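> Need coordinates for the below:
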Amino acid sequence: MIQLENIEKTYKTKKGSLTAVDNVSIKIKKGEIFGIVGYSGAGKSTLLRCINLLERPSKGKVIIDGVDMTSLSTKELRKARQSIGMIFQGFHLASSKTAAENIDFSLKVAGVPVEKRKERVKELLDLVGLADKADHYPAQLSGGQKQRVSIARALANNPKVLLSDEATSALDPSTTKSILALLKKINEELGITIVLITHEMEVVKEICHRCAVMQDGRVVELGRTYDVFANPQNELTKKFIETVLQFNLPDKLREACTGTIVRLQFQGEKATEAIVSDMLQKHQVSGNILHGKVEYIRDEPLGIFIMELKGVQTEIDKAIQYLEQRMQRVEVVQHGAH
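Prediction:
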């Protein structure tokens, strides 16, 4: 669907040149929600804007549905952009136009007849849950409602692709959840491919099928969101994931433990199985759960438990072996005092 091939974006500055995106290649599948995550200055916004050529890459190709966007004339590009919607952090709504008029404007620019426009605006307001706000001006709407209008406007011309530039970062947590649920609904019901950028791993966890982590203009990790969370390879990715899944024990608690501390990771269906209680029944060890939680990565469970095992060392070893045979990851964090 979307192929980014060796994308590079360099800016000339007084001090020389600055590379914002450095040789990035990504393939985004049709109908998926793909997240690009990174701190400020990682190059993610620039990369997103290269997709619809709001930023023209210095090198590389942007291919959407088999068409090389970088080779199009100005007129062809204008037409091609109609199949790419975009939503922004700051909403970008015209304050002098009502919600309905903001959506209508996109249709008017595309040359859609008046009657069809009215019908389409009503349809879109229904889709984003704002049928009763058609005549409200942006100043009369909450942040979440403004973003819903912005999403409706981006969908006006039936795009194949929706680009989201930090669309939830100005919203409170509960409004963020409702906007993410709306994007998920749009993806599932309309089959639109969504590419979103964010600095919040929580957003990626909630709705992205796959994701890429960016640092200093490069992609440092890329994969299925669940796999990235369950088994991060890059140090930056690990830091991002810790913001959502806090697994580390406080030093005071660890120092107070005299037994063997193990960190257990359950994936998929195993996250809801009674493996730990079975282990405690089969082996002569006692267990004390120090930390435990089951997170859902796009509705797929990932369980993390940290527990202290006490007993004779040979029994502890057998218990750990039992766990290793049934779990994705078992790590001895601290050996018990002998």
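> hey, what's residue 266 bridged with?
In this entry, residue 266 is beta-bridged to residue 303, by DSSP bridges.
> Please enumerate the helices of the stretch 51-200 of the chain.
74-81, 99-109, 114-127, 143-155, 173-190 (DSSP state H, counting those that start in this stretch).
> Pick the most deeply packed of those.
Ranked by mean neighbour count under mean count of other Cβ atoms under 10 Å, these are led by helix 143-155, which reaches a mean of 24. For every residue, glycine as well, the C-beta is placed using N, CA and C.
> same for that helix, what does it pack against?
In terms of contacts (3 or more Cβ pairs under 8 Å, 6 or more residues apart in numbering; DSSP states H and E), helix 143-155 is packed against strand 84-88, helix 99-109, helix 114-127, helix 173-190.
> which residues touch it?
For helix 143-155, contacts defined as Cβ atoms under 8 Å, 6 or more residues apart in numbering pick out 85-88, 91-93, 99, 102-103, 105-106, 124-125, 127-130, 133, 136, 138, 141, 162, 167-168, 170-172, 175, 178-179, 182-183, 186, 190, 192.
> With distance to residue 19 as extra columns, can I get the helices and strands packed on helix 143-155 in a markdown table?
Formatted as a markdown table, those follow (distance: least, Cβ to Cβ, whole Å):
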| stretch | distance to residue 19 |
| --- | --- |
| strand 84-88 | 24 |
| helix 99-109 | 34 |
| helix 114-127 | 39 |
| helix 173-190 | 31 |
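> any chance of the ones you listed in JSON lines, with distance to residue 244 and mean pLDDT too?
As requested, those are exported to JSON lines (distance: least, Cβ to Cβ, whole Å; pLDDT from 0 to 100):
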{"stretch": "strand 84-88", "distance to residue 244": "23", "mean pLDDT": "91"}
{"stretch": "helix 99-109", "distance to residue 244": "33", "mean pLDDT": "92"}
{"stretch": "helix 114-127", "distance to residue 244": "29", "mean pLDDT": "93"}
{"stretch": "helix 173-190", "distance to residue 244": "13", "mean pLDDT": "92"}
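> returning to that earlier point: and the helices of the stretch 51-200 of the chain as JSON lines, adding distance to residue 335?
Listed next are these as JSON lines, based on distance: least, Cβ to Cβ, whole Å:
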{"stretch": "helix 74-81", "distance to residue 335": "60"}
{"stretch": "helix 99-109", "distance to residue 335": "62"}
{"stretch": "helix 114-127", "distance to residue 335": "57"}
{"stretch": "helix 143-155", "distance to residue 335": "50"}
{"stretch": "helix 173-190", "distance to residue 335": "40"}
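> ok, back up a step: among the helices and strands packed on helix 143-155, single out whichever gets nearest to residue 60.
strand 84-88 (17.6 Å; Cβ to Cβ).
> Output that closest one as PDB, nothing but the C-alphas.
Output in PDB follows, covering the C-alpha atoms of strand 84-88 (Å, rounded to 0.1, in the frame of the first residue of the first chain):
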ATOM      1  CA  ILE A  84      -4.800  11.100   1.600                       C
ATOM      2  CA  GLY A  85      -6.500  12.700   4.600                       C
ATOM      3  CA  MET A  86      -4.600  14.300   7.400                       C
ATOM      4  CA  ILE A  87      -5.400  15.200  11.000                       C
ATOM      5  CA  PHE A  88      -3.300  17.500  13.300                       C
END
